[in-house]
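Novice: okay, structure incoming, though there's no sequence with it:
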């Protein structure tokens, strides 16, 4: 699963070495990243703080979405 997280400027600077070693994630504007949950767990274990904007676990399942419905 993937999570969308946002860092403050200071926390992003602390997280960059971890991100460069561990993640093929996606970087979005405003210090926002789409990362595998494994990398998010490593960031938590390292004491790096961030705001979780979205989690893959909160995505609707196929059974919850009707045919042609926008998600």
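Specialist: Looks like it arrived, so ask away. Predicted model, so just to flag it, every value in this text is computed and none were measured. Residues are numbered from 1 along each chain as shown.
Novice: would you map the strands across the chain?
Specialist: Secondary structure of the chain by DSSP state E: the strands cover 2-6, 26-28, 32-36, 51-55.
Novice: need those strands in a markdown table with mean neighbour count and distance to residue 20, can you?
Specialist: Where you see a C-beta, it was placed from the backbone N, CA and C, and this is true even at glycine. Below are the strands of the chain laid out as a markdown table (neighbours: other C-beta atoms under 10 Å; distance: least, C-beta to C-beta, whole Å):
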| stretch | mean neighbour count | distance to residue 20 |
| --- | --- | --- |
| strand 2-6 | 19 | 16 |
| strand 26-28 | 12 | 11 |
| strand 32-36 | 19 | 12 |
| strand 51-55 | 12 | 21 |
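Novice: can I get those in JSON lines with mean pLDDT?
Specialist: Listed next are those as JSON lines, based on pLDDT from 0 to 100:
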{"stretch": "strand 2-6", "mean pLDDT": "92"}
{"stretch": "strand 26-28", "mean pLDDT": "91"}
{"stretch": "strand 32-36", "mean pLDDT": "93"}
{"stretch": "strand 51-55", "mean pLDDT": "85"}
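Novice: show me where the protein has helices.
Specialist: Ranges of helices in the chain, per DSSP state H, are 9-22, 37-45.
Novice: most tightly surrounded among these?
Specialist: helix 37-45 (a mean of 15; mean count of other C-beta atoms under 10 Å).
Novice: so what secondary structure elements neighbour it?
Specialist: Helix 37-45 is packed against strand 2-6, helix 9-22, with contacts defined by 3 or more C-beta pairs under 8 Å, 6 or more residues apart in numbering; DSSP states H and E.
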